[in-house]
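1. build me a structure from this.
(chains A and B)
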Amino acid sequence: TQLLEQSPQFLSIQEGENLTVYCNSSSVFSSLQWYRQEPGEGPVLLVTVVTGGEVKKLKRLTFQFGDARKDSSLHITAAQTGDTGLYLCAGAYKNRDDKIIFGKGTRLHILP
Amino acid sequence: ETGVTQSPTHLIKTRGQQVTLRCSSQSGHNTVSWYQQALGQGPQFIFQYYREEENGRGNFPPRFSGLQFPNYSSELNVNALELDDSALYLCASSHGRQNIQYFGAGTRLSVL
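-> Model prediction:
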């Protein structure tokens, strides 16, 4: 059973456009992380959110944690070709001893 | 300060063989987690080691086993390899069981 759903699976947009990707679960997270993974590399942590309703900004990236701590979004403003990669969300669930569970990811391709 | 390093980077085995993958954790980290990432999927948690003891296991059969050494480096062993074991195997280290994980670049295993 996939506990954590990411959408869309694939996204290809032009440089300069804005985009939002989503991470949803039917269970409550104790914390949620967003990672970016490039080909041939391991995932690199972008942000951790813990509090419901929390918003964090990392330059052109805005991360939001849902009020009920069951969902999250990542919004990228004015996408650049360097944003291309696989964006993974990973949640820790209290009822699973805080083990990290990853979604399948959103593969983002920014066209020049 | 060195990051997480994994060896080898690539490996080709045949069905039924055994394989050992190695991970050196980041300096100061006492916890190592192993993940399997199949093509097009997010990482799946295999198990975690904390201070040389297994601390949680995902939905993987017993032929997946591991060790952590006194210097906190770790090994992942897989016996009786199957074709479906072909994947990128990621190691992540952290200071403590629930803290931020830092990933290595992974070992890509191909089973023929």
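2. any stretches of chain B with poor pLDDT?
-> For chain B, the stretches flagged by pLDDT under 70 are B:1-2, B:97-98.
3. tell me which element the residue in chain A that chain B sits nearest to falls in.
-> Closest residue of chain A to chain B, Cβ to the nearest Cβ: A:G42 (3.1 Å). All C-beta atoms are positioned from the backbone trio N, CA, C, and that covers glycine. Following DSSP states H and E, one finds A:G42 outside all helices and strands.
4. give me the number of neighbouring residues for it.
-> The number of residues packed near A:G42 is 23, by other Cβ atoms under 10 Å in any protein chain shown.
5. mind listing what it touches?
-> Counting by Cβ atoms under 8 Å, 6 or more residues apart in numbering or on different chains, A:G42 touches B:4, B:90, B:92, B:103-106.
6. switch to 10 Å and redo it
-> Residues near A:G42 by Cβ atoms under 10 Å, 6 or more residues apart in numbering or on different chains: A:35, B:3-4, B:6, B:35, B:37, B:43, B:88, B:90-92, B:101-106.
7. may I ask which helix or strand encompasses A:Y22?
-> Residue-wise, A:Y22 maps onto strand A:19-25 under DSSP H and E.
8. partners of whichever helix or strand comes after that strand, with directions?
-> Later in the chain than strand A:19-25, the nearest helix or strand by DSSP H and E is strand A:29-37. Sheet pairing for strand A:29-37, assigned by DSSP bridges, gives strand A:44-49 (antiparallel), strand A:85-93 (antiparallel).
9. near chain A, anything from stretch B:104-112?
-> Yes. Contact of stretch B:104-112 with chain A (Cβ under 10 Å from any Cβ of the partner chain) involves B:104-106, B:108.
10. that older thread, so which of the strands paired with strand A:29-37 gets nearest B:G58?
-> Nearest to B:G58, of all the strands paired with strand A:29-37, is strand A:85-93, at 12.9 Å by Cβ to Cβ.
11. distance between the strand holding A:Y22 and the chain's centre?
-> Strand A:19-25 has its C-alpha centroid displaced from the chain centroid by 6 Å (Cα atoms, centre = their mean, to the nearest Å).
12. next, the angle strand A:29-37 makes with it.
-> Interaxial angle, strand A:19-25 versus strand A:29-37 (axes from the mean of the first three to the mean of the last three Cα atoms, to 10 degrees): 140 degrees.
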